[in-house]
Structures are given as structure tokens and as C-alpha cells.
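Engineer: Got a predicted structure here, sequence first:
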Amino acid sequence: MEKKNNTISVGDYVKHRDPKVNGGLEMAVNAIENGMANCDHLVGYDPAVRQDWFPAEDLIIVSPAGPGLA
């Protein structure tokens, strides 16, 4: 279940509002700084996982972090 307008935390799983980012799949949030979230994601057919910063307002929480993970 997607939750909108919630504060993103480290450990959350999020989707980007643009379904072309990470193929519309969820991404793990590694860090939050200055309104930006560092997330693991894939690019195209490259099997390597990358980390990039995304504006938090462009992300939708899919699964919040469990207790003790934030």
C-alpha cells in the first residue's frame, strides 16, 4: 500500500513518481540530507546497483522502515 505525504526515513522503501526511474520498482533509502534521499536503484539493463540522490518530494513511501532500522 502506497502512503503519500509522509516523511521519508532511512530504511524506508520508496518509489519515484516517474515510473521510468528504477523501472517503477521500489528503492531502499540509505540517507536523508537537505530534502534529498540517497537511494539504491538500477539504470537500464545494467545489473549494477547504483546510489543517487533524489528530491524527497518526488518519492512515495511504499513500505516504512521497521522498528530499529531508522
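Structural biologist: Structure's in. What do you need?

Engineer: Work out which residue lies at the spatial centre of the protein.
Structural biologist: Per C-alpha atoms, centre = their mean, the C-alpha nearest to the average position across the chain is that of residue 14, at 3.7 Å.

Engineer: OK, contacts around the residue nearest to that residue when sequence neighbours are not counted?
Structural biologist: Nearest-residue entry for residue 14: residue 59, 4.2 Å, with adjacent residues in sequence omitted and distances by C-beta to C-beta, 6 or more residues apart in numbering. C-beta: built from backbone N, CA, C; applies to glycine. If a contact means C-beta atoms under 8 Å, 6 or more residues apart in numbering, then residue 59 has 8, 14-17, 29, 37, 39 as its contacts.

Engineer: Quickly note the distance from residue 59 to residue 49.
Structural biologist: Using C-beta to C-beta, to the nearest Å, residue 59 is found at 17 Å from residue 49.

Engineer: before we move on, what about residue 10?
Structural biologist: 17 Å.

Engineer: just to revisit the earlier point, greatest separation within the contacts of residue 59: which pair is it?
Structural biologist: Maximum pairwise distance among those (C-beta to C-beta): 15.0 Å, between 17 and 29.

Engineer: between these two, who's got more neighbours?
Structural biologist: Between residue 17 and residue 29, residue 29 has the larger neighbour count (other C-beta atoms under 10 Å), namely 23 against 13.

Engineer: mind checking the SS state of that one?
Structural biologist: Under DSSP: H, G, I helix; E, B strand; the rest coil, residue 29 falls in the strand class.
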